[in-house]
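Novice: Next input, structure requested:
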Amino acid sequence: MLGHPVRIRVLELLQDGPMPVRDLLAEIEIEPAALSQQLAVLRRSGIVTATREGSTVVYELAGGDVAELMRAARRILTEMLAGQQGLLAELHTADARTRP
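Specialist: Reported below is the predicted structural model:
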């Protein structure tokens, strides 16, 4: 469910509070049909909820656990990237030492 970049971006945006679809579209800059499809996946999985306010549909995270999950995922990915950068630096240094 979290394997699609658009869904991840939607969840990140919704951490700041409910947003109408038009604002999500402006932030993500994809076709409305593509966003609608990804929002439907999030709705079916129970991660977000949608409410209609007149002609506007507003989405929000289904609960605080989702925001907590996103923070944990961001922290884990940041740590992984930092570790990979460190490994690359070590490999580069080792490679430089073995060159004549």
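
Novice: Just the buried residues of the lengthiest helix in the chain, please?
Specialist: Criterion DSSP state H: the longest helix present in the chain is helix 64-98. For helix 64-98, the buried set under the neighbour-count rule, 16 or more other CB atoms under 10 Å, comprises 66, 70. No exception for glycine: its C-beta is placed from N, CA and C like everyone else's.

Novice: any idea of the mean pLDDT in it?
Specialist: For helix 64-98, mean pLDDT is 76.

Novice: chain center to it: distance?
Specialist: On the basis of CA atoms, centre = their mean, to the nearest Å, helix 64-98 is displaced by 17 Å from the centre of the chain it belongs to.

Novice: So which elements touch it?
Specialist: helix 5-14 (3 or more CB pairs under 8 Å, 6 or more residues apart in numbering; DSSP states H and E).

Novice: okay, the angle between the helix it packs on and helix 64-98?
Specialist: If you take axes from the mean of the first three to the mean of the last three CA atoms, to 10 degrees, helix 5-14 sits at 120 degrees to helix 64-98.

Novice: What strands line up against the next helix or strand after helix 5-14, and which way round?
Specialist: Counting by DSSP states H and E, the next helix or strand C-terminal to helix 5-14 is strand 19-20. Paired strands of strand 19-20, with direction, are strand 56-61 (antiparallel) (DSSP bridges).

Novice: pLDDT on the strand it pairs with, on average?
Specialist: The predicted model assigns strand 56-61 a mean pLDDT of 95.

Novice: got it, and stretch 27-44?
Specialist: On average, stretch 27-44 scores 94.

Novice: neighbours of residue 60, just the number please.
Specialist: 15 (other CB atoms under 10 Å).

Novice: Quick one: residues contacting the residue nearest to it when sequence neighbours are not counted.
Specialist: Leaving aside its chain neighbours, residue 60 sits nearest to residue 18 (3.8 Å; criterion: CB to CB, 6 or more residues apart in numbering). Applying CB atoms under 8 Å, 6 or more residues apart in numbering to residue 18 gives the contacts 51, 58-60.

Novice: got CSV for those residues, with distance to residue 35 too?
Specialist: Converted to CSV, the contacts of residue 18 look like this (distance: CB to CB, whole Å):
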residue, distance to residue 35
51, 17
58, 14
59, 10
60, 15
